[in-house]
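*Asks:* Compute the structure for the input listed below.
(chains A and B)
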Amino acid sequence: MTAGAITGYRSKMPAGRDGFAQLLHAEWTKFRTVRGWLIGFTVAALLIVALGVLTAAGTHSSVCHNAPGQSAPVCTGPPAPLTGPGGEPVNDGFYFVHQPLTGNGSITVRVNSLTGLIAASGGAPPDQPLTGTRPGVQAWSKAGLIIKASTTPGSAYAAIMVTGRHGVRWQYNYTHDTAGFGGAVSAAASPHWLRLTRSGDLVTGYDSTDGSHWTEVGSVRLTGLPTTVPGGLFTASPDYEQTSHPVGGGESGSSLPTRTTARFDRLSLHGGWLAGAWTGTQISDVALPGGFTQAGDTITVSGSGDIAPVVSGSGGPDPDRTLIGTFAGLIALIVVAGLFVTSEYRRGLIRTTLTASPRRGRVLAAKAVVIGAATFLTGLVAATITVLLGRHLLHSNGHFLYPVNTLTGLRLIVGTAALLAVAAVAALALSTILRRGAGAVTAVIVAIVLPYILAVASVLPVGAGQWLLRLTPAAAFAVQQTLIQYPQVAGDYTPTAGYYPLSPWAGLAVLCGYTAIALLAAAVLLRRRDA
Amino acid sequence: MTVGPTARNALHAEWTKLRTTPGAAWLALAALTLTAALSALSAASAGYRAGTHQDLAKISLTGIDLGQAVIAILAVLTISNEYSTGMIATTLTALPRRTTMLATKATLVTAVVLAAGTAAVLTSLLAARLLLPGNGFTAAHGYPALSLTDGPTLRAAAGSVLYLALIALLSLGIATAVRDSATAVGIVLALLYLFPIIASAVTDPHWQRHLQQIGPMNAGLAIQATTNLHNLPISPWAGLGVLAAWASAALLTGTLTLRRRDA
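*Replies:* Model (predicted):
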């Protein structure tokens, strides 16, 4: 028998449209007509909002104590933290040797030595706070020149300084930091020259190794700087932090106050300085008292405290965890995404689907688009409500809200929605690979949720936890990060304290990478296998 | 001639089903492997630090956090698979007493999980015993080698096996109530994993403590603690009791729904 002589039957009916739009419509109809899945999505959205509200309501940072004569403990709201010009909580403790500067002017000085003391760990008698101290300069001990809007803690400033181990730095308004030239201070080998100039609102910092060749390190416009401002010399010295992570999660930190002493000479003033005597002022209360002495050309200033943003883990802000319900919503959405595929296999519908649209890759793509879009929109609505409602509740609880700018707020909401959508697509892909719901759903949930638990609340050491949050799909939760890691502040930047090792979008990219691999494998297997 | 199946027959029938479907054996093996692997990883990453006292038994049994998920799939599938294939109709025709059917399944799953769990726990402890001294956890530093002759370590080891068995019963109960396997594991994992996450997010220490006391995973895993017992939110055996209460409640819900509804 020869083939080719027989002409195949061709239906006279017009061909049905089988574009991608029709495929999308078909998958959307399947999705929207299963009541259980819609319930699943509603439950997910409600869980995200409800847990967020619950967490916000359970976050009272009020201090309660039993007052005499009253049966119920008396609770008072926490003192509002000191905030800087940007609204973020800051520390502003240092010893300030100053005189008023009216209008424009400049101040130049040479730093000859920087030494430091660390307080005794057992504490010292209040009248002799220096008892039992040992020598030691902190990496971020600071000494140099500063111009400040006022002597009120938290006010705007700009300063050029030498540091314990990070060379010359130009810093202003607590969060900004620029490096000048490196190297430690020593009188004979490398004295450091510093200069600060004010011209209207513009403050500029310079450094020099010899006092004649100057390099600009940085400048800033401090808008609204008063005409007369205090300016002069300062020293600060952040606490010596010892943090340990005992078994069972959490951390126990002990910090010891420190004090830095700097010796300045060759001081020269130009412009609108009052040129009177220097005044020494302790800005904010600190454990070790500061002071200054003047002997001829040399001024020696000792100071404790720090001029820096507060970071978590040292009595700083708690991370914003109103979006914690994402985990619960995630589980519900992953289950529905898994069922979106596996129920077709269980009921045999997959054969109808693949008969209607034999190009299998497109079927998978249509399913991924439908489940991804539905999850993204659900996540978007739930996250928006949660963030707004949660922050409102925290605020009315008297809880200090870490300032979140519009861009970060948008990233929180869109990022959470994207995280949920990508996770749902991952569940869809893995369900296509395994064809069984339980295994696929478990694998995706465990891969995303368990590393977070192990990193944040388990016995794993910090290093191992950070690697988990870099390598596993749980890295995606970095997109919900609100705390900022400051390189110029020594802090406890660990997952337990709310810091992710990856940047927000890089973290989400890790999850996207895993999902892309799963989706590719699913497409290949779906084409190769019998349905 | 015997009238109706005896408990022995029922057990035999269920055992045959479990034995002849390859899934269960693979899952038991996967639970063993994953538990041991994560435990070994945890032991390998632990580092000795002077001045702290670390709970070596807890570090060595971290793998249970992962292994329990596989145990949950195993337990869920013993009943959900029957619903998805329609086998449940045959099973209930042969064994019309539904409570007996569920009790038989519970007995068998418990037995299988106890066996797999014992193997997993022993492998984990062995791996930790080999790895920990290399990380500085030596007798000279005040850490004698892990041994089951030590009372608290034995409690942690045996308790972890019982923990897995209770997780299996919890999963079986939930799966019986909801029938669908994906939904059932979703609920089980949500119950297990959400409590520790929410507890870590709430800053109020009272709320935090209560969440750790009622969460099936937090409370149940208190059994792994061998040091610093007075600081635990819940004591080891009481914690396992909380998990047992969760498992009983799930099984009760499962039994009631199974009896009330059509298969």
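
*Asks:* In the chain, where is pLDDT below threshold?
*Replies:* You didn't say which chain, so I picked chain A. Residue ranges of chain A with pLDDT under 70: A:1-5, A:14-18, A:58-80, A:122-126, A:185-189, A:242-254, A:312-320.

*Asks:* not quite, I wanted chain B
*Replies:* Scanning chain B for pLDDT under 70 picks out B:1-5, B:50-51, B:263.

*Asks:* give me that answer again for 90
*Replies:* For chain B, applying pLDDT under 90 flags the ranges B:1-26, B:42-60, B:79-102, B:104, B:128-153, B:179-180, B:196-212, B:218, B:224-236, B:258-263.

*Asks:* Do you have the helices of it handy? List them.
*Replies:* B:7-20, B:22-45, B:56-60, B:64-85, B:87-94, B:98-131, B:151-178, B:181-201, B:205-214, B:216-220, B:236-260 (DSSP state H).

*Asks:* Need those helices in TSV (columns: distance to chain A and mean neighbour count).
*Replies:* Heads up, the C-betas are built off the backbone N, CA and C, glycines and all. Listed next are the helices of chain B as TSV, based on distance: least, Cβ to the nearest Cβ, whole Å; neighbours: other Cβ atoms under 10 Å in any protein chain shown:
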stretch	distance to chain A	mean neighbour count
helix B:7-20	16	15
helix B:22-45	4	20
helix B:56-60	5	26
helix B:64-85	5	26
helix B:87-94	13	14
helix B:98-131	12	20
helix B:151-178	9	24
helix B:181-201	3	25
helix B:205-214	4	17
helix B:216-220	9	25
helix B:236-260	13	18
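
*Asks:* Show me what secondary structure element comes after the helix or strand hosting residue A:115.
*Replies:* Take DSSP states H and E as the rule and residue A:115 turns out to sit in strand A:94-118. Moving toward the C-terminus from strand A:94-118, the next helix or strand (DSSP H and E) is strand A:134-135.

*Asks:* contact partners of that next one?
*Replies:* A:115, A:116, A:117, A:118, A:120 (Cβ atoms under 8 Å, 6 or more residues apart in numbering or on different chains).

*Asks:* do the same with stretch B:81-90
*Replies:* A:346, B:21, B:23, B:79, B:91, B:179, B:180, B:181, B:263.

*Asks:* Closest residue of chain A to chain B?
*Replies:* Among residues of chain A, the one nearest chain B by Cβ to the nearest Cβ turns out to be residue A:437. It sits 3.1 Å away.

*Asks:* Can you give me the neighbour number for that residue?
*Replies:* Residue A:437: 31 surrounding residues under other Cβ atoms under 10 Å in any protein chain shown.

*Asks:* Just the helices from chain A, written as ranges.
*Replies:* For chain A, the helices defined by DSSP H cover A:20-33, A:35-57, A:326-347, A:349-356, A:360-396, A:406-434, A:437-456, A:462-471, A:504-528.

*Asks:* Give me the distance between the residue nearest to residue B:48 when sequence neighbours are not counted and chain A.
*Replies:* Once flanking residues are discounted, residue B:48 sits nearest to residue B:136: 3.0 Å by Cβ to Cβ, 6 or more residues apart in numbering or on different chains. Distance of residue B:136 to chain A, computed by Cβ to the nearest Cβ, to the nearest Å: 12 Å.

*Asks:* Surely residue B:136 is in contact with residue B:46?
*Replies:* No: Residue B:136 lies out of contact with residue B:46 (Cβ atoms under 8 Å); the separation is 9.1 Å.

*Asks:* ok, those two, which is more surrounded?
*Replies:* residue B:46 (25 against 14).

*Asks:* Surely that one and residue B:57 touch.
*Replies:* No: using Cβ under 8 Å, residue B:46 makes no contact with residue B:57, being 11.8 Å away.

*Asks:* partners of residue A:295 in the sheet?
*Replies:* Beta bridges link residue A:295 to residue A:298, judged by DSSP bridges.

*Asks:* show me the contacts for residue A:510.
*Replies:* The contact partners of residue A:510, by Cβ under 8 Å, 6+ apart, come to A:470, A:471, A:472, A:473, A:475, A:476, A:502.

*Asks:* quick one: terminal-to-terminal distance for stretch A:497-508?
*Replies:* 20 Å (Cα to Cα, to the nearest Å).

*Asks:* buried ones in that stretch?
*Replies:* A:497, A:498, A:499, A:500, A:501, A:502, A:504, A:507, A:508 (16 or more other Cβ atoms under 10 Å in any protein chain shown).

*Asks:* Report whether it contacts chain B.
*Replies:* No: Stretch A:497-508 lies apart from chain B when judged by Cβ under 8 Å from any Cβ of the partner chain; the minimum separation is 9.7 Å.

*Asks:* ok, residues contacting that stretch?
*Replies:* A:251, A:312-313, A:318-319, A:321, A:411, A:415, A:418-419, A:422, A:466-467, A:469-470, A:475-481, A:483, A:485, A:491, A:493, A:495, A:510.

*Asks:* Same question for stretch A:147-154.
*Replies:* Contacts for stretch A:147-154 (Cβ under 8 Å, 6+ apart): A:82-85, A:90, A:92-93, A:96, A:98, A:101, A:155-159, A:196, A:198, A:203, A:222, A:224-226, A:229-231, A:281, A:283-284.

*Asks:* Which ones among these map onto strands?
*Replies:* Using DSSP state E, A:90, A:92, A:96, A:98, A:101, A:157-159, A:196, A:198, A:203, A:229-231, A:281, A:283 are the members of the contacts of stretch A:147-154 that sit in strands.

*Asks:* Please list only the buried members of those residues.
*Replies:* Buried subset of the ones in strands among the contacts of stretch A:147-154 (neighbour count, 16+ other Cβ under 10 Å): A:90, A:92, A:96, A:98, A:101, A:157-159, A:196, A:198, A:203, A:229-231, A:283.

*Asks:* And those residues, which two are furthest apart?
*Replies:* Spatial extent of these (Cβ to Cβ) is set by the pair A:90 and A:101 at 23.0 Å.

*Asks:* chain center to stretch A:350-362: distance?
*Replies:* How far stretch A:350-362 lies from its chain's middle: 45 Å, per Cα atoms, centre = their mean, to the nearest Å.

*Asks:* can you tell me if that stretch touches chain B.
*Replies:* No: Stretch A:350-362 is not in contact with chain B by Cβ under 8 Å from any Cβ; minimum separation 14.2 Å.

*Asks:* For stretch A:481-497, which residues meet the burial criterion?
*Replies:* Judged by neighbour count using 16+ other Cβ under 10 Å, the buried positions of stretch A:481-497 are A:481-483, A:486, A:488-497.

*Asks:* how long is it from one end to the other?
*Replies:* Length of stretch A:481-497, first residue to last, Cα to Cα: 11 Å.

*Asks:* and if you look at stretch A:197-205?
*Replies:* With Cα to Cα as the measure, stretch A:197-205 spans 7 Å from end to end.
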